[in-house]
Each structure stands twice: as structure tokens, then as C-alpha cells.
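Engineer: Quick one, fold the following:
(one chain, ligands or ions: 1)
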Amino acid sequence: MKFAVSSLALALSLSLVSPALAQTAPTAADADKFVAAAEKELGDFTIFNAQVSWINQTYITDDTDAVAARVGAQGTELGVRYATEAAKYQAIPNLSYDTKRKLDLLRGGLTLPAPTTEGAAVELNTIATRLQSAYGKGKVTDKLWAQVKPLYDQLHCYTRTKLNEKYGDAVQAKTGPIRADLLGNMWAQEWGNIYEIVAPKGAGDIGYDTGELLKSKGYDPIKMVRTGEGFYKSLGFDPLPETFWQRSQITKPADREVVCHASAWDLDNVDDLRIKMCTKVNADDFRTIHHELGHNFYQRAYNKQPLLYLNGANDGFHEAIGDFIALSITPQYLVQIGLLDADKVPSADKDVGLLLRQAMDKVAFLPFGLLVDKYRWDIFAGKTPIGQYNKAWTDLRLKYQGIIPPVPRDETNFDAGAKYHVPGNVPYTRYFLARILQFQFYKAACDIAKWKGPLHRCSFYGNKEVGARLNAMLAMGASKPWPDALQAFTGSREMDGTAMVAYFKPLMTWLKQQNKGKTCNW
Ligand SMILES: [Zn+2]
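Structural biologist: Presented below is the predicted three-dimensional model:
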């Protein structure tokens with residue numbers, strides 16, 4: 001994840017920026033002034049807020065908690081007022097492109113407020129509608145889902161068979177939905193934890209373990225981060241600043257409580273880039289480092305943009321950058337950086353194991369990533385009646401994921417509330433989009449690098465042309481609509497799930513063989 005400085009609910013004393021002429025209707029010049037003042041003040045606030053959050057997360061005490069909570073609450077409350085203020089300028093004729101876009105971003109920076117005040121329900125509805133239209137009224141996500149659903153269906157079918165073999169008919173039937181509690185994750189959203197149960201005989205073991213390789217070559221956490229940085233440098237990106245190494249939290253401090261959840265930061269909106277991790281020498285953290293640095297290099301690439309454009313092109317982009325680079329940790333890449341001996345590169349018959357392990361997380365996640373916002377948007381739009389909030393959740397889980405709760409549920413339960421993002425009002429479609437986009441980015445990079453061979457084996461390490469094209473997209477930040485940014489790197493203006501399908505093609509073929517003769521639906 002990234003610590004989002006610019007997309008936080010934004011704080012500012014509105015009296016400072018309201019135009020003086022309250023009696024007359026505001027003009028385009030007033031709107032320009034409002035936006036300029038907003039960016040100045042917000043710049044100061046976001047930096048202060050980032051500093052407070054950094055101190056809190058790397059040094060947890062009752063006091064740093066209290067200070068962070070206070071600044072956070074200030075940001076939330078004032079952010080709502082800011083969005084409201086921006087709305088007043090929206091309809092002014094002849095606004096410049098940037099002023100119009102920045103007013104939209106100010107309004108869009110509003111996450112959903114609790115409906116405690118009069119009129120809040122109406123506002124919620126307006127926001128929910130806007131959220132939907134932001135993704136083409138769900139049409140984009142529906143198209144993407146249709147592209148990748150056949151792959152999910154095969155994975156579901158195969159996993160159900162394996163669970164049936166392990167637990168028997170009384171626990172998991174051969175047909176119908178899968179029992180949610182068997183999938184190794186509290187929300188049944190990613191299934192990698194039960195890989196042991198589904199691992200194919202022989203192909204499950206790829207012959208090396210990245211963590212063991214790192215240990216045997218004497219890597220420590222710093223060297224792992226240096227290696228991650230090396231990937232980006234090989235594409236032509238400048239080295240990280242010296243302050244990155246002085247100020248980052250790369251390992252867990254021995255003497256105090258910290259938040260270990262990995263995140264990437266830009267504290268001054270320029271080049272005070274940092275990561276915060278509790279790095280251990282293992283394969284997961286090696287991948288996470290490549291992911292987090294993706295955020296940092298994105299933040300730096302767009303640092304010449306005005307404050308309100310200091311963000312990813314859309315919600316999905318920021319997470320997808322780090323993930324697509326992390327996809328490049330292929331056996332071939334490990335050879336190139338001297339971690340793996342060339343004769344240890346696993347042969348093609350191990351591909352199914354490699355791909356299935358990834359699919360259990362990345363493919364299994366897709367319907368869940370899709371349904372969380374569908375669930376909320378239906379509630380905000382009034383389509384889901386009060387008194388059916390739990391039923392609506394269970395129904396969507398069955399429809400999209402093909403899973404059912406292990407015991408009967410009713411309206412005294414609120415299962416959706418167990419997912420942090422639902423009560424926390426964190427938009428969720430971004431995670432669905434990021435899963436799709438990372439493969440689209442990866443395929444674009446491999447095409448630029450003129451990769452020949454199975455897509456999942458592609459490494460574009462060291463390719464300067466990929467770096468230049470990638471940088472063109474990253475440097476745009478949020479200054480243009482996301483299709484413009486997507487086009488700068490991939491040549492396409494549409495998000496597309498076919499790259500993900502191409503990546504998993506050998507697995508799809510294999511799954512179909514395994515599922516032969518079975519009824520693959522629920
Ligand atoms: Zn991230």
C-alpha cells in the first residue's frame with residue numbers, strides 16, 4: 001500500500017480561501033483563486049499530516065496515537081467542507097481545463113461521510129452515483145469481469161474438487177458453491193493459504209526457494225532493498241535519494257512499537273521518499289520491496305505536478321505499478337542478478353505450479369474485489385432495502401464468488417462489516433482494477449521489450465525503452481484522465497483483462513484437463 005498524502009481527506013480553514021465577494025456570483029477568476037489557495041494550504045497540511053503519521057506509525061505511544069487521531073479527524077472534517085466549497089464553483093462557465101479538473105478532484109477527495117447530519121443521505125447518494133460514473137457506471141468493471149470470469153470458473157471448479165477429496169461430501173459437496181470457511185482466508189478473498197491442498201503432484205515444487213537463495217547469498221534487508229532499487233535503476237530511473245536510506249524504516253526497531261504493515265511514503269511531496277517495513281529475509285518481503293518501491297518511483301515521477309495532481313492516474317494505478325514490477329521476479333531475473341544459477345531455472349513442466357500458486361491469490365480475488373463496491377453502491381442508491389443488508393451480501397458472494405457461509409445467516413448478522421473497508425469507507429474497486437492493470441502493464445512492458453515466449457516467463461530487467469515509456473505514464477500523475485495515462489505506456493485507452501488471461505494461459509489449459517467431465521458452475 002501507499003500512504004496517500006494527496007488523496008487524504010484534506011484540511012484547511014475555509015475562511016482563508018473563500019473569495020471575498022460573497023454577495024456576487026463567483027467568476028472563473030474566483031475559481032482559479034480558490035484552487036490556487038487550496039493547493040498552497042493543502043500542500044502545507046498534507047506534509048504536516050504525513051510527518052505526524054510517520055512519527056505515529058514508527059513510534060506508537062498513547063501520545064502519538066492521540067496526536068495522529070486529532071490531525072486525522074481535522075483532515076476528515078475539513079475535507080468534507082472543502083469538497084462542498086469546490087462544488088460551488090463547478091458550474092461556472094469558461095473554467096480552464098486545470099481548474100475544472102482540480103475542482104473535480106477536490107470533490108472526489110471526499111470519502112463517504114457517516115450520515116449523521118441532515119441531507120447527508122442525499123449527499124451519500126450523489127457520491128455513490130459519482131463513484132459509479134467514475135467507472136462508466138460499472139460498465140468497465142463488468143467488461144473486465146466477463147474477460148477473466150472463465151479463468152475464475154475453472155479455478156473454482158478445480159479447488160472445489162480438491163476440497164471435496166480432502167474433506168468429503170458431508171463438508172464440501174462435489175457440486176454447487178464452495179463453503180467459505182474452507183478457503184484459508186477470513187473473507188475467502190484470496191486462497192493462497194490452502195495451496196498445499198490444491199498443489200499439483202510433481203509440478204508443485206519449482207526446485208528453488210527465493211528466500212533460501214537470498215539467505216545463502218548473504219542478503220540482509222538493506223541489500224534486498226538495494227536490489228529492488230536496482231530493478232528500477234536498470235530501467236533508467238535515478239537512484240533513490242540519500243535521505244531514503246537515512247529515514248526509512250527497513251527493519252523492525254528493537255525498542256518500540258511500530259506499524260509493520262508495509263507502506264511507501266513521500267513526506268514532502270518532492271523527494272523525501274521512504275518505505276516503512278519490518279523486512280525479513282524471505283521471498284514475500286523481497287516481492288513486497290519491489291512493490292513498495294513502485295509507489296516511491298511513481299511519487300517521484302509526478303513530483304513536478306501541482307498538488308492536486310500528485311496521485312495515480314486512477315485508483316487502480318498506484319497499486320498496479322508495484323505489482324507489475326513484482327511480477328518480473330521471474331527465474332530469469334533471479335539469474336540476471338546473480339541469485340539463481342542458470343542451470344537451476346525450472347523447466348516448463350513446473351509452470352503449472354508457479355501459475356497455480358499465483359492464481360490462488362490473484363485470480364481468486366477478482367470477484368471479491370468486484371462485489372464490495374457493488375454491495376455498497378446498491379445500498380447507497382436505495383436498491384437494497386433496509387432489513388436485507390446481510391442477505392444482499394450473501395447473495396452477491398454466491399453470485400460472483402460461488403461461495404456460501406458454513407452456517408445459516410440472518411439479518412441479526414452483518415457479515416460485510418467484518419471487512420475493514422466497508423465500515424472504514426475505503427473504496428474497493430481500486431483493488432479489482434489493480435489486479436487487472438498489473439497484467440496489462442506487464443504485457444505492455446514485455447511487448448516493448450520484444451519478449452518472445454510464454455508471457456509469465458518474461459523479464460524486462462535492464463530495458464531502458466520500457467523505463468522511458470513507463471516514466472511517460474508515471475510523470476503525468478493525475479493531471480489527465482486515466483485513459484491518457486494508460487495510452488502513454490500501453491498504447492491502449494481501455495483497461496483490458498486479456499493480458500491476465502494470456503499470462504495464465506498454460507494454467508487454464510491444465511485446469512480444463514483436470515475439470516474434464518465435471519459440472520463447473522454453482
Ligand atoms: Zn501498495
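Engineer: rest of the way, CA atoms for contacts and neighbours
Structural biologist: Fine.
Engineer: Residue 275 should be in a strand, yeah?
Structural biologist: Yes: checked against DSSP: H, G, I helix; E, B strand; the rest coil, residue 275 lies within a strand.
Engineer: Distance of it relative to residue 104?
Structural biologist: 30 Å (Cα to Cα, to the nearest Å).
Engineer: More neighbours: the two, which one.
Structural biologist: residue 275 (24 against 16; other Cα atoms under 10 Å).
Engineer: which ones are touching that one?
Structural biologist: 244, 248, 249, 250, 262, 263, 264, 265, 292, 293 (Cα atoms under 8 Å, 6 or more residues apart in numbering).
Engineer: Just the ones of those residues in strands?
Structural biologist: 263, 264, 265 (DSSP state E).
Engineer: Mind listing what's buried along the helix or strand harbouring residue 508?
Structural biologist: Using DSSP states H and E, residue 508 sits in helix 505-514. Buried residues in helix 505-514, counted by 16 or more other Cα atoms under 10 Å: 505, 506, 507, 508, 511, 512.
Engineer: tell me how far it is from the chain's mean position?
Structural biologist: How far helix 505-514 lies from its chain's middle: 27 Å, per Cα atoms, centre = their mean, to the nearest Å.
Engineer: Can you give the distance of the strand or helix carrying residue 325 from its chain's centre?
Structural biologist: Taking DSSP H and E as the criterion, residue 325 maps to helix 317-327. Relative to its chain's centre, helix 317-327 lies at 8 Å (Cα atoms, centre = their mean).
Engineer: tell me what that helix is packed against?
Structural biologist: Under the contact criterion of 3 or more Cα pairs under 8 Å, 6 or more residues apart in numbering; DSSP states H and E, helix 317-327 touches helix 283-301, helix 429-448.
Engineer: Residues contacting it, please?
Structural biologist: By Cα under 8 Å, 6+ apart, the residues outside helix 317-327 that reach it are 1-2, 287-288, 290-295, 298, 311-312, 431, 433-435, 437-439, 441-442.
Engineer: from those, which would you call buried?
Structural biologist: Counted by 16+ other Cα under 10 Å, the contacts of helix 317-327 give 2, 287-288, 290-295, 298, 311-312, 431, 433-435, 437-439, 441-442 as buried.
Engineer: The ion next: which of those are close?
Structural biologist: Contacts with the ion within the buried ones among the contacts of helix 317-327, as defined by Cα under 5 Å from the ion: residue 2.
Engineer: give the contact list for residue 500.
Structural biologist: Residue 500 neighbours (Cα under 8 Å, 6+ apart): 148, 436, 439, 440.
Engineer: how about the nearest residue to the second one, chain neighbours excluded?
Structural biologist: Yep, that's residue 436 we're talking about. residue 497 (5.7 Å; Cα to Cα, 6 or more residues apart in numbering).
Engineer: ditto for the last one
Structural biologist: The shortest distance from residue 440 to any non-neighbouring residue, by Cα to Cα, 6+ apart, is to residue 499 (5.2 Å).
Engineer: Roughly how far does that neighbour sit from residue 447?
Structural biologist: On the measure of Cα to Cα, residue 499 and residue 447 end up 11 Å apart.
Engineer: Tabulate the buried residues of helix 505-514 (JSON lines), appending pLDDT and distance to residue 395.
Structural biologist: Shown next, in JSON lines, are those (pLDDT from 0 to 100; distance: Cα to Cα, whole Å):
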{"residue": "505", "pLDDT": "96", "distance to residue 395": "30"}
{"residue": "506", "pLDDT": "94", "distance to residue 395": "32"}
{"residue": "507", "pLDDT": "96", "distance to residue 395": "29"}
{"residue": "508", "pLDDT": "97", "distance to residue 395": "27"}
{"residue": "511", "pLDDT": "97", "distance to residue 395": "27"}
{"residue": "512", "pLDDT": "97", "distance to residue 395": "27"}
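Engineer: higher neighbour count, residue 499 and residue 447?
Structural biologist: Taking other Cα under 10 Å, residue 499 and residue 447 do not tie; residue 499 has more neighbours (22 against 16).
Engineer: Buried residues in the longest helix belonging to the chain, which are they?
Structural biologist: Secondary structure of the chain per DSSP state H: the longest helix is helix 28-58. The neighbour-count check on helix 28-58 (16+ other Cα under 10 Å) flags 28, 30-39, 41-43, 45-58 as buried.
Engineer: Kindly indicate which of the ones in strands among the contacts of residue 275 lies nearest residue 392.
Structural biologist: Checking the ones in strands among the contacts of residue 275 against residue 392 with Cα to Cα, the nearest one is residue 263 at 33.2 Å.
Engineer: Looks like the closest one contacts residue 278 (just checking).
Structural biologist: No: at 10.3 Å, residue 263 does not count as touching residue 278 under the criterion of Cα atoms under 8 Å.
Engineer: Compare these two (neighbour count), which wins?
Structural biologist: Neighbours of residue 263 and residue 278, each counted by other Cα under 10 Å, are more numerous for residue 263; the result is 22 against 17.
Engineer: give me the beta-bridge partners of that one?
Structural biologist: residue 276 (DSSP bridges).
Engineer: So which of the ones in strands among the contacts of residue 275 is the closest to the ion?
Structural biologist: Ranked by distance to the ion (Cα to the ion), these are led by residue 263 at 6.5 Å.
Engineer: any idea how far residue 412 is from that closest one?
Structural biologist: 36 Å.
Engineer: And residue 241, by the same measure?
Structural biologist: Noted for residue 241: a distance of 53 Å to residue 412, by Cα to Cα.
Engineer: Can you give me the distance of the residue nearest the centre of the chain to the ion?
Structural biologist: Central residue of the chain (Cα atoms, centre = their mean): residue 319, 3.7 Å from the mean position. According to Cα to the ion, to the nearest Å, residue 319 stands 5 Å off from the ion.
Engineer: Next up, the contacts around the closest residue to the ion within the stretch 151-300 of the chain.
Structural biologist: The stretch 151-300 of the chain approaches the ion most closely through residue 292 (5.7 Å), counting by Cα to the ion. Listed by Cα under 8 Å, 6+ apart, the contact set of residue 292 reads 1, 2, 262, 263, 264, 275, 322.
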